[in-house]
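In: Here is the input, now give the coordinates:
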Amino acid sequence: MASHADFVDYVAEQLREAGAIRSRKMFGEYGLYCDDVFFAVICDDQFFVKVTPQGEVAFPHLPKAPPYEGAGDAFLVEDVEDRELMTELTRITCEALRSKPKKPGRK
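Out: Just a heads-up that it's a prediction; the model follows:
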């Protein structure tokens, strides 16, 4: 089941205080970027955020699940009404991803 654009728009609106949020359709689902950092996906109308060590420290009780078959685990944010949690997780994740050394051959 593909995600609905209105759900993607809602999640992006919930994250507006984290930075400049944009979505991009990917393989029938959506990738999310905050200030041009790819940090999350929406699959089957569920919001998944990349796991970082900093995110695990800040949110040790968030459930993890693969967003699609064959994927590694990501944080599954079940309560997309919790704007504060979503914003803080996004900020922590994007900061961690920005400071992560780039793999050779990637920009």
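In: give me the low-pLDDT residue ranges for the protein?
Out: 1, 102-107 (pLDDT under 70).
In: can you pull out the helices in this protein?
Out: All helices of the chain, identified by DSSP state H, fall at 5-14, 53-58, 83-99.
In: which one of these lies closest to Arg24?
Out: Closest approach to Arg24 among the helices of the chain is made by helix 5-14 (9.9 Å; C-beta to C-beta). The C-beta positions use only the backbone N, C-alpha and C, and glycine is treated the same way.
In: would you put the C-alpha positions of that closest one in CSV?
Out: Presented in CSV, the C-alpha positions along helix 5-14 are these (Å, rounded to 0.1, in the frame of the first residue of the first chain):
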residue,chain,number,x,y,z
ALA,A,5,0.2,12.6,-0.1
ASP,A,6,-2.0,14.2,2.6
PHE,A,7,-0.4,12.2,5.3
VAL,A,8,3.1,13.2,4.0
ASP,A,9,2.0,16.9,4.0
TYR,A,10,0.7,16.5,7.6
VAL,A,11,4.0,15.0,8.8
ALA,A,12,5.9,17.8,7.0
GLU,A,13,3.7,20.4,8.7
GLN,A,14,4.2,18.8,12.1
